[in-house]
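Undergrad: Here is a sequence together with a model predicted from it:
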Amino acid sequence: MTESSHDKNITLLTYSEIESVKGSIGNFEVTIRKKARSVDMIKCTGCGECRQKCPQKKIPSEFDLGLGNRTAIYIPFTQAVPNVPVIDRETCIYFTKGKCQVCSKVCPTGAIDYEQKDELITEKFGTIVVATGFSLFDAKAYGEYGGGRFKNVITSLQLERMLDSSGPTAGKVVRPSDGKEAKDVVFLQCVGSRDESKGLPYCSRVCCMYTAKHALLLKDHNPESQSYVFYIDIRAGGKNYEEFVKKTQKDYGAIYIRGRVSRIYEKGEKMVVCGVDTLTGTALKIEADLVVLASAMIPNPDAVELAQKLNIPYDKYGFFTEAHPKLQPVESVTKGIFLTGPCSFPKDIPDSVAMSGAASVGVCAVLSKEELIVEPKIAWVDDERCTGCLNCIKVCPFDAIETRVVDGVPHARVIESLCPGCGNCASTCRVKAITVKGFTDEQVYAQIEAAMEKV
Amino acid sequence: MQGDVHAFRNVILKLSGEDVGKCIQCGKCSAGCPLTPEMEFMPNQILELIRTNDEKRVLRCNTFWYCVSCQTCSVRCPEDIDIAKIMNTLRKINLEKHVTPSPREVVTFNQVFLDSIRGYGRVYELGMVMKYNLMTGQPLKDASFGPDMFMKGKIAILPHRLKALSLIKSLMDKSRRLIE
């Protein structure tokens, strides 16, 4: 992040959102909403005086997932780029009650600007890379795991924050209920994932590995600790992955139990985890200090909204669909838009990095050429037949048809760089003015005849 | 394993509407089941035995007789398989095929319970307990609880009869006809 912020060819627009996207490959016109930060980006030196003096100190930190607090004027995390704070207008005393302005008084450069407003900018881009990441499944859906009632049932991401030496607990794994160091920790894999009843039948792919990492780090941070991992299947497909899981079991003493947990309940200070070892056929109860849920990876809550702005397809979960699952995994069906990371499906870090590399090269391949080479199987309009009813525009899912006036009459015209050749327009056209090249009626009939000959 | 390897799975599918093929063997059913210590096979093992077409072992075991239909397994199953319903189906097949039920007492209890419903329209606790204990050859098993329970009003000497007993009878006759 720091490196890219210094690159003269990269413009970072943080705290900004896509408002709308128009145009097509090589010619996208994107309107971006630069949200009001209430701090002048140029005047601010990042000294941090405002954050220290802000009286509103007890706001649960989003980055620490509620384990730590932040102030109302804050930077999301220590290494955030740029090192310029933002005022959270929903919790700021000045914005909610009209008094305070402490940050403005202490700022040595006068960078605080309460009057700042959202700014809309429109720029042209040749290609777009979507790397919006993922969200975590809310384990509150599981009543049998406490539904969020138990303080000592946390998610893996919360544990990750605890294990961070600069995190809210300074690297100690503690019980959120009383702050005591956790000794017996139970990990539950597949929370949400592989659960048809919660609407997520897919495997989140990364949980097996990060749970093994957490079990290993836990022992590393506290040799007195003991971890228990409830799993259904261990999916450790990747370079050195299987060896890593084995190391966790063998050298770090993690006990792996094959079975899903049915229920968690509180008993005094402890959490009782009711599981089963399906390999021996024994039901068992483990008294734990801390329970860690490996929640499923799900699309961002606004993924569908973004997909509609970008005009890219998405699946039933809200993950963006790639042009071809095997041969074009980083391209969207809409030309010029690339996908990388878990916005298209759960992915781990090596896969995301590899995809990002592929997407960057895909971008270069488009931008480095004077002309765009497109697939030949696209729609074509016969001007002499077109009556200008323009029904084709309504059915085109890719906005690939525009109007063009011929002799004072509007005609349909296919934007060749956008058309993927789906054939919706050709089958809609009442006068057969549109054909998909390579799929004319004659050609399709010839294919049918050839196929029927064998029957 | 040869021949129609899916025969038993299909029988269960037809009778209960539940497909054990969906099971991912996570074991959540067995983890939540309060009766597993009594069962010869755990619920997840039963599903696997059905899938591997091992009809004999399934029908001869005691698992489905110990199932109390609390439905914890069905509610928590990530694949939405109604396991309690499968257990009920197994009980039905077991009775129809006259396979020797492992715990005979369970079948006796079921019969005595239904007799009580048929006779009075509701459970007549005292009569039911006495009949059950006589049929299982342990007449004095619960005798010591009797006075205390009577004093606390938990059991009555005489049965309470439902006013609309004929309705219950016709209901039970109808369900019997349906089964036949």
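TA: Cool, got the structure.
Undergrad: Name the SS class of the residue lying closest to residue A:350 once chain neighbours are set aside, please.
TA: Leaving aside its chain neighbours, residue A:350 sits nearest to residue A:238 (6.9 Å; criterion: CB to CB, 6 or more residues apart in numbering or on different chains). Placement of C-beta: from N, CA and C, glycine included. Recorded secondary structure, residue A:238: coil (DSSP: H, G, I helix; E, B strand; the rest coil).
Undergrad: burial count for residue A:238?
TA: Around residue A:238 there are 14 other residues, counting by other CB atoms under 10 Å in any protein chain shown.
Undergrad: What of the one 10 residues further on?
TA: The criterion is other CB under 10 Å. On that basis, residue A:248 has 24 neighbouring residues.
Undergrad: Report the contact partners of residue A:82.
TA: A:5, A:12, A:14, A:41, A:46 (CB atoms under 8 Å, 6 or more residues apart in numbering or on different chains).
Undergrad: isn't there a helix covering the first one?
TA: Read it as residue A:5. Yes - secondary structure assignment places residue A:5 in a helix (three-state DSSP).
Undergrad: any idea of the pLDDT on it?
TA: On pLDDT, residue A:5 comes in at 86.
Undergrad: mind checking how far it is from residue A:83?
TA: 10 Å (CB to CB, to the nearest Å).
Undergrad: now the helices for the stretch 251-400 of chain A?
TA: Ranges of helices in the stretch 251-400 of chain A, per DSSP state H, counting those that start in this stretch, are A:303-310, A:349-367, A:391-395.
Undergrad: Have a look at chain B and report its longest helix.
TA: helix B:104-120 (DSSP state H).
Undergrad: average model confidence for that helix?
TA: 85.
Undergrad: tell me what that helix is packed against?
TA: Judged by 3 or more CB pairs under 8 Å, 6 or more residues apart in numbering or on different chains; DSSP states H and E, helix B:104-120 is in contact with helix B:63-66, helix B:125-135, helix B:165-179.
Undergrad: buried ones in that helix?
TA: By neighbour count on 16 or more other CB atoms under 10 Å in any protein chain shown, the buried set for helix B:104-120 is B:106, B:107, B:109, B:112, B:116, B:117, B:119, B:120.
Undergrad: contacting residues around it?
TA: B:62, B:65-66, B:95, B:101, B:122-124, B:127-128, B:131-132, B:135-136, B:159-162, B:165, B:168-169, B:172.
Undergrad: Buried ones among the residues you listed?
TA: By 16+ other CB under 10 Å, these give B:62, B:65, B:66, B:101, B:124, B:127, B:128, B:131, B:132, B:159, B:168 as buried.
Undergrad: show me the contacts for whichever residue of chain A sits closest to chain B.
TA: Across chain A, no residue is closer to chain B than residue A:262, which sits at 3.1 Å (CB to the nearest CB). By CB under 8 Å, 6+ apart, the contact set of residue A:262 is A:144, A:274, A:275, A:276, B:28, B:29, B:30, B:31, B:32, B:33, B:72, B:76.
Undergrad: try 6 Å this time
TA: Shown in contact with residue A:262 (CB atoms under 6 Å, 6 or more residues apart in numbering or on different chains): A:274, B:28, B:31, B:32, B:76.
Undergrad: before we move on, back to that, which one of the buried ones among the contacts of helix B:104-120 sits closest to chain A?
TA: residue B:66 (13.3 Å).
Undergrad: Verify the stated contact: that closest one with residue B:34.
TA: No - using CB atoms under 6 Å, residue B:66 is not in contact with residue B:34, being 9.8 Å away.
Undergrad: Taking helix B:125-135 as reference, get the angle to the longest helix of chain B.
TA: 140 degrees (axes from the mean of the first three to the mean of the last three CA atoms, to 10 degrees).
Undergrad: pull the CA atoms of helix B:104-120 into CSV?
TA: Once non-C-alpha atoms are left out, helix B:104-120 reads as follows in CSV (Å, rounded to 0.1, in the frame of the first residue of the first chain):
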residue,chain,number,x,y,z
ARG,B,104,-38.5,-55.8,23.0
GLU,B,105,-39.6,-53.5,25.9
VAL,B,106,-39.7,-50.5,23.5
VAL,B,107,-42.3,-52.2,21.3
THR,B,108,-44.3,-53.2,24.3
PHE,B,109,-44.2,-49.7,25.7
ASN,B,110,-45.4,-48.3,22.3
GLN,B,111,-48.3,-50.8,22.3
VAL,B,112,-49.3,-50.1,25.9
PHE,B,113,-49.2,-46.4,25.3
LEU,B,114,-51.4,-46.6,22.2
ASP,B,115,-53.8,-49.0,24.0
SER,B,116,-54.2,-46.4,26.7
ILE,B,117,-55.0,-43.7,24.1
ARG,B,118,-57.5,-45.9,22.4
GLY,B,119,-59.2,-46.8,25.7
TYR,B,120,-59.4,-43.4,27.3
